[in-house]
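Asker: Please find the sequence and the predicted model below.
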Amino acid sequence: MSALNLNYRHLYYFWVVAKEGGVTRAAERLGVAVQTISMQLSLLEKAVGKTLFAPQGRRLVLTEAGRLALNYADQIFLLGEQLQEALAEDDIGKSMRLTVGISDSLPKMIAYRLLETALEMPQFVRMECYDGSFETLLADLALHKLDVVLTDRPINMGSSLRVFSHELGDCPVWLFGSEELAEKYRPNFPECLTGAPILLPTRGNAIRTCLDQWFEVHGIRPFIVGEFSDSALLKTFGRNGLGMFHAPIALEKEMKDQFRSVPIGELTEVREQYYAISAEMKIKHAAVEAILAAHKGKIF
(Lines give C-alpha, C1' and ligand atoms only; values in the text may rest on other atoms or scores of the structure.)
Protein backbone atom coordinates (compact mmCIF):
# COMPACT_ATOMS: atom_id res chain seq x y z
CA MET A 1 0.00 0.00 0.00
CA SER A 2 1.45 3.38 -1.00
CA ALA A 3 1.26 6.48 1.18
CA LEU A 4 -1.15 8.01 -1.34
CA ASN A 5 -3.64 5.22 -0.65
CA LEU A 6 -3.50 5.67 3.13
CA ASN A 7 -6.67 7.31 4.43
CA TYR A 8 -5.41 9.92 6.89
CA ARG A 9 -8.85 10.39 8.44
CA HIS A 10 -8.80 6.73 9.44
CA LEU A 11 -5.28 7.25 10.80
CA TYR A 12 -6.42 10.32 12.73
CA TYR A 13 -9.26 8.38 14.37
CA PHE A 14 -6.78 5.67 15.33
CA TRP A 15 -4.45 8.32 16.80
CA VAL A 16 -7.22 9.88 18.90
CA VAL A 17 -8.33 6.47 20.20
CA ALA A 18 -4.75 5.68 21.21
CA LYS A 19 -4.36 9.06 22.94
CA GLU A 20 -7.73 8.93 24.70
CA GLY A 21 -7.33 5.31 25.76
CA GLY A 22 -10.57 4.01 24.30
CA VAL A 23 -13.22 4.27 21.57
CA THR A 24 -15.90 5.87 23.77
CA ARG A 25 -13.69 8.75 24.95
CA ALA A 26 -12.39 9.25 21.41
CA ALA A 27 -15.97 9.43 20.10
CA GLU A 28 -16.81 12.06 22.73
CA ARG A 29 -13.75 14.12 21.80
CA LEU A 30 -14.47 13.93 18.07
CA GLY A 31 -18.24 14.33 18.43
CA VAL A 32 -19.08 11.22 16.41
CA ALA A 33 -20.75 7.90 17.15
CA VAL A 34 -18.84 5.02 18.69
CA GLN A 35 -19.85 2.88 15.70
CA THR A 36 -18.24 5.39 13.35
CA ILE A 37 -14.92 5.17 15.22
CA SER A 38 -15.03 1.37 15.24
CA MET A 39 -15.72 1.26 11.51
CA GLN A 40 -12.86 3.65 10.74
CA LEU A 41 -10.44 1.56 12.82
CA SER A 42 -11.56 -1.59 11.04
CA LEU A 43 -10.98 0.02 7.64
CA LEU A 44 -7.51 1.20 8.69
CA GLU A 45 -6.52 -2.26 9.95
CA LYS A 46 -7.76 -3.75 6.69
CA ALA A 47 -5.73 -1.20 4.68
CA VAL A 48 -2.47 -1.83 6.55
CA GLY A 49 -3.03 -5.57 6.97
CA LYS A 50 -2.28 -5.48 10.73
CA THR A 51 -4.28 -5.58 13.96
CA LEU A 52 -3.60 -2.30 15.77
CA PHE A 53 -5.60 -2.85 18.96
CA ALA A 54 -6.22 -5.92 21.11
CA PRO A 55 -8.96 -6.25 23.77
CA GLN A 56 -7.76 -6.43 27.38
CA GLY A 57 -10.77 -6.80 29.66
CA ARG A 58 -12.98 -3.83 28.88
CA ARG A 59 -10.08 -1.83 27.45
CA LEU A 60 -8.22 -1.71 24.16
CA VAL A 61 -4.43 -1.89 24.19
CA LEU A 62 -2.03 -1.27 21.34
CA THR A 63 -0.45 -4.27 19.65
CA GLU A 64 3.20 -4.11 18.57
CA ALA A 65 2.02 -2.96 15.14
CA GLY A 66 -0.22 -0.41 16.86
CA ARG A 67 2.69 1.04 18.84
CA LEU A 68 4.71 1.37 15.63
CA ALA A 69 1.77 3.02 13.87
CA LEU A 70 1.29 5.43 16.79
CA ASN A 71 4.93 6.46 16.60
CA TYR A 72 4.51 7.43 12.94
CA ALA A 73 1.12 9.03 13.57
CA ASP A 74 2.69 11.23 16.26
CA GLN A 75 5.19 12.51 13.72
CA ILE A 76 2.60 12.98 10.98
CA PHE A 77 0.17 15.02 13.07
CA LEU A 78 2.96 17.02 14.75
CA LEU A 79 4.16 18.06 11.31
CA GLY A 80 0.57 18.86 10.37
CA GLU A 81 0.23 21.21 13.35
CA GLN A 82 3.55 22.86 12.52
CA LEU A 83 2.44 23.30 8.90
CA GLN A 84 -0.77 25.03 9.98
CA GLU A 85 1.13 27.30 12.37
CA ALA A 86 3.71 28.18 9.72
CA LEU A 87 1.13 29.01 7.05
CA ALA A 88 -0.94 31.04 9.52
CA GLU A 89 1.91 33.45 10.22
CA ASP A 90 1.84 36.84 8.48
CA ASP A 91 5.61 37.08 8.05
CA ILE A 92 6.26 33.99 5.93
CA GLY A 93 9.66 34.40 4.29
CA LYS A 94 10.65 37.18 6.68
CA SER A 95 11.53 34.84 9.54
CA MET A 96 12.57 31.28 10.21
CA ARG A 97 11.85 28.94 13.10
CA LEU A 98 14.67 27.19 14.93
CA THR A 99 13.70 24.41 17.35
CA VAL A 100 16.59 23.66 19.70
CA GLY A 101 17.11 20.94 22.28
CA ILE A 102 19.51 21.90 25.07
CA SER A 103 21.02 19.12 27.14
CA ASP A 104 20.43 19.61 30.87
CA SER A 105 24.16 19.08 31.46
CA LEU A 106 25.12 22.01 29.21
CA PRO A 107 25.56 25.36 31.00
CA LYS A 108 22.70 27.53 29.83
CA MET A 109 24.97 30.54 29.43
CA ILE A 110 27.13 28.51 27.05
CA ALA A 111 23.97 27.53 25.16
CA TYR A 112 23.13 31.21 24.77
CA ARG A 113 26.60 31.95 23.39
CA LEU A 114 26.33 29.09 20.94
CA LEU A 115 22.98 30.44 19.72
CA GLU A 116 24.05 34.08 19.50
CA THR A 117 25.23 33.65 15.92
CA ALA A 118 21.74 32.63 14.82
CA LEU A 119 20.25 35.63 16.62
CA GLU A 120 22.59 37.94 14.67
CA MET A 121 21.35 36.72 11.27
CA PRO A 122 19.70 39.30 8.97
CA GLN A 123 16.57 37.16 8.85
CA PHE A 124 14.62 37.05 12.12
CA VAL A 125 15.03 33.69 13.86
CA ARG A 126 12.16 32.60 16.08
CA MET A 127 13.58 30.13 18.59
CA GLU A 128 11.86 27.35 20.46
CA CYS A 129 14.17 25.90 23.12
CA TYR A 130 13.58 22.69 25.04
CA ASP A 131 15.64 21.44 27.97
CA GLY A 132 16.01 17.72 28.61
CA SER A 133 18.20 14.68 29.00
CA PHE A 134 20.70 13.79 26.28
CA GLU A 135 18.86 10.57 25.36
CA THR A 136 15.39 12.16 25.23
CA LEU A 137 16.58 15.03 23.04
CA LEU A 138 18.32 12.68 20.61
CA ALA A 139 15.11 10.67 20.25
CA ASP A 140 13.15 13.85 19.52
CA LEU A 141 15.81 14.91 17.01
CA ALA A 142 15.59 11.56 15.23
CA LEU A 143 11.81 12.07 15.01
CA HIS A 144 12.43 15.54 13.52
CA LYS A 145 10.77 17.29 16.44
CA LEU A 146 13.97 19.33 16.83
CA ASP A 147 16.28 21.02 14.30
CA VAL A 148 19.41 20.67 16.42
CA VAL A 149 20.58 19.54 19.86
CA LEU A 150 23.27 21.43 21.79
CA THR A 151 25.18 19.28 24.25
CA ASP A 152 28.54 18.62 25.91
CA ARG A 153 29.25 15.25 24.30
CA PRO A 154 29.12 13.62 20.87
CA ILE A 155 26.81 10.76 20.02
CA ASN A 156 27.96 7.20 20.65
CA MET A 157 29.59 5.79 17.52
CA GLY A 158 27.48 2.66 17.92
CA SER A 159 24.18 4.56 18.04
CA SER A 160 21.45 3.27 15.74
CA LEU A 161 19.95 6.75 15.43
CA ARG A 162 20.55 8.61 12.17
CA VAL A 163 22.02 11.69 13.83
CA PHE A 164 25.41 13.35 13.46
CA SER A 165 27.78 15.21 15.82
CA HIS A 166 29.43 18.53 14.93
CA GLU A 167 32.14 19.85 17.26
CA LEU A 168 31.72 23.53 18.13
CA GLY A 169 34.65 24.12 20.46
CA ASP A 170 35.92 23.65 24.00
CA CYS A 171 36.98 25.69 27.01
CA PRO A 172 39.29 25.26 30.07
CA VAL A 173 37.50 24.34 33.30
CA TRP A 174 38.13 25.91 36.74
CA LEU A 175 36.76 25.39 40.21
CA PHE A 176 34.57 28.27 41.39
CA GLY A 177 33.16 29.09 44.79
CA SER A 178 32.15 31.81 47.23
CA GLU A 179 34.66 34.43 48.40
CA GLU A 180 34.94 32.56 51.73
CA LEU A 181 35.79 29.27 50.01
CA ALA A 182 38.23 31.03 47.68
CA GLU A 183 40.05 32.63 50.61
CA LYS A 184 40.36 29.25 52.32
CA TYR A 185 41.33 27.00 49.39
CA ARG A 186 43.03 29.21 46.78
CA PRO A 187 46.46 29.62 48.52
CA ASN A 188 47.33 25.90 48.51
CA PHE A 189 45.42 24.76 45.43
CA PRO A 190 45.04 21.91 44.50
CA GLU A 191 46.65 20.02 47.41
CA CYS A 192 44.13 21.52 49.83
CA LEU A 193 41.17 19.93 48.07
CA THR A 194 41.23 16.61 49.95
CA GLY A 195 38.24 16.81 52.27
CA ALA A 196 37.09 20.09 50.68
CA PRO A 197 33.35 20.48 49.89
CA ILE A 198 32.67 19.84 46.21
CA LEU A 199 29.48 19.86 44.13
CA LEU A 200 29.60 17.47 41.17
CA PRO A 201 27.44 16.55 38.18
CA THR A 202 25.88 13.09 38.38
CA ARG A 203 27.71 10.07 37.00
CA GLY A 204 27.11 9.52 33.33
CA ASN A 205 27.60 13.22 32.66
CA ALA A 206 30.46 13.76 30.18
CA ILE A 207 32.42 16.18 32.38
CA ARG A 208 31.99 14.02 35.51
CA THR A 209 34.35 11.37 34.14
CA CYS A 210 37.00 14.03 33.46
CA LEU A 211 36.63 15.49 36.97
CA ASP A 212 36.90 12.05 38.62
CA GLN A 213 40.04 11.31 36.61
CA TRP A 214 41.56 14.68 37.54
CA PHE A 215 41.00 14.07 41.26
CA GLU A 216 42.47 10.57 40.95
CA VAL A 217 45.59 11.73 39.06
CA HIS A 218 46.27 14.37 41.73
CA GLY A 219 45.58 11.99 44.61
CA ILE A 220 42.69 14.13 45.86
CA ARG A 221 39.64 12.84 47.72
CA PRO A 222 37.18 15.71 48.05
CA PHE A 223 34.09 15.69 50.26
CA ILE A 224 31.20 15.40 47.79
CA VAL A 225 28.39 17.52 49.18
CA GLY A 226 25.93 16.81 46.37
CA GLU A 227 25.50 15.52 42.81
CA PHE A 228 23.22 17.17 40.23
CA SER A 229 21.98 16.27 36.77
CA ASP A 230 21.09 19.90 36.03
CA SER A 231 24.03 22.30 35.74
CA ALA A 232 22.01 25.39 36.72
CA LEU A 233 20.78 23.72 39.91
CA LEU A 234 24.33 22.72 40.80
CA LYS A 235 25.51 26.33 40.49
CA THR A 236 22.55 27.57 42.53
CA PHE A 237 23.71 25.43 45.45
CA GLY A 238 27.25 26.69 44.87
CA ARG A 239 26.06 30.29 45.01
CA ASN A 240 24.98 29.71 48.60
CA GLY A 241 28.45 28.55 49.63
CA LEU A 242 27.68 24.84 50.04
CA GLY A 243 30.70 23.81 47.99
CA MET A 244 33.01 24.51 45.09
CA PHE A 245 31.89 23.62 41.57
CA HIS A 246 33.33 23.45 38.07
CA ALA A 247 32.58 25.94 35.29
CA PRO A 248 34.26 27.02 32.05
CA ILE A 249 36.56 29.96 32.69
CA ALA A 250 34.90 31.78 29.76
CA LEU A 251 31.95 32.33 32.10
CA GLU A 252 33.97 34.00 34.87
CA LYS A 253 31.98 37.25 34.69
CA GLU A 254 28.64 35.42 34.71
CA MET A 255 29.72 33.27 37.66
CA LYS A 256 30.48 36.40 39.67
CA ASP A 257 27.40 38.38 38.64
CA GLN A 258 24.80 35.61 38.85
CA PHE A 259 26.23 33.10 41.30
CA ARG A 260 28.43 35.28 43.56
CA SER A 261 31.31 32.89 42.81
CA VAL A 262 34.92 33.52 41.86
CA PRO A 263 37.60 31.31 40.25
CA ILE A 264 39.64 29.34 42.78
CA GLY A 265 41.95 27.24 40.64
CA GLU A 266 42.30 25.69 37.20
CA LEU A 267 41.59 22.00 36.69
CA THR A 268 44.53 21.62 34.34
CA GLU A 269 43.88 19.61 31.18
CA VAL A 270 40.14 19.39 31.94
CA ARG A 271 38.16 21.01 29.14
CA GLU A 272 34.44 21.23 28.56
CA GLN A 273 33.48 20.35 24.99
CA TYR A 274 30.46 21.55 23.05
CA TYR A 275 28.63 19.89 20.19
CA ALA A 276 25.70 20.46 17.89
CA ILE A 277 23.90 17.30 16.85
CA SER A 278 21.75 17.26 13.74
CA ALA A 279 19.56 14.75 11.95
CA GLU A 280 21.41 15.37 8.68
CA MET A 281 25.11 14.95 7.96
CA LYS A 282 24.96 18.00 5.70
CA ILE A 283 23.07 20.72 7.51
CA LYS A 284 20.24 22.34 5.53
CA HIS A 285 18.72 24.70 8.13
CA ALA A 286 20.28 28.13 7.57
CA ALA A 287 20.36 29.03 11.28
CA VAL A 288 22.00 25.73 12.23
CA GLU A 289 24.56 26.22 9.44
CA ALA A 290 25.35 29.66 10.89
CA ILE A 291 25.93 28.16 14.35
CA LEU A 292 28.30 25.51 12.95
CA ALA A 293 30.17 28.03 10.83
CA ALA A 294 30.86 30.32 13.81
CA HIS A 295 34.51 30.16 14.86
CA LYS A 296 34.97 29.07 18.47
CA GLY A 297 37.12 32.15 19.07
CA LYS A 298 33.96 34.20 18.55
CA ILE A 299 31.93 31.97 20.88
CA PHE A 300 34.48 32.25 23.69
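Answerer: Everything's here; your move.
Asker: got the contact list for stretch 141-148?
Answerer: Stretch 141-148 has contacts (C-beta atoms under 8 Å, 6 or more residues apart in numbering) with 71, 74-75, 78-79, 98-101, 130, 137, 140, 149, 161-163, 276-279, 285, 287-288, 291. From N, CA and C alone the C-beta is placed, and that goes for glycine too.
Asker: mind checking how far stretch 279-293 is from the chain centre?
Answerer: Offset of stretch 279-293 from its chain centre (C-alpha atoms, centre = their mean, to the nearest Å): 17 Å.
Asker: Check which residues of that stretch are buried.
Answerer: For stretch 279-293, a neighbour-count test (16 or more other C-beta atoms under 10 Å) marks 279, 283, 285, 287-288, 290-291 as buried.
Asker: Which of these fall in helices?
Answerer: Members of the buried residues of stretch 279-293 lying in helices (criterion: DSSP state H): 287-288, 290-291.
Asker: Now render those residues as a markdown table, adding distance to residue 64 and pLDDT.
Answerer: Listed next are these as a markdown table, based on distance: C-beta to C-beta, whole Å; pLDDT from 0 to 100:
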| residue | distance to residue 64 | pLDDT |
| --- | --- | --- |
| 287 | 38 | 85 |
| 288 | 35 | 85 |
| 290 | 42 | 84 |
| 291 | 39 | 84 |
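Asker: Of the residues you listed, which is the nearest to residue 222?
Answerer: Closest approach between those and residue 222, by C-beta to C-beta: residue 291, at 35.5 Å.
Asker: residue contacts, the closest one?
Answerer: Taking C-beta under 8 Å, 6+ apart, one finds 114-115, 117-118, 148, 168, 276 in contact with residue 291.
Asker: Which one (most neighbours) among those?
Answerer: In terms of neighbours by other C-beta atoms under 10 Å, those top out with residue 148 at 28 neighbours.
Asker: where does that residue land on pLDDT?
Answerer: Residue 148 carries a pLDDT value of 92.
Asker: Leaving out sequence neighbours, find the closest residue to it.
Answerer: residue 288 (4.8 Å; C-beta to C-beta, 6 or more residues apart in numbering).
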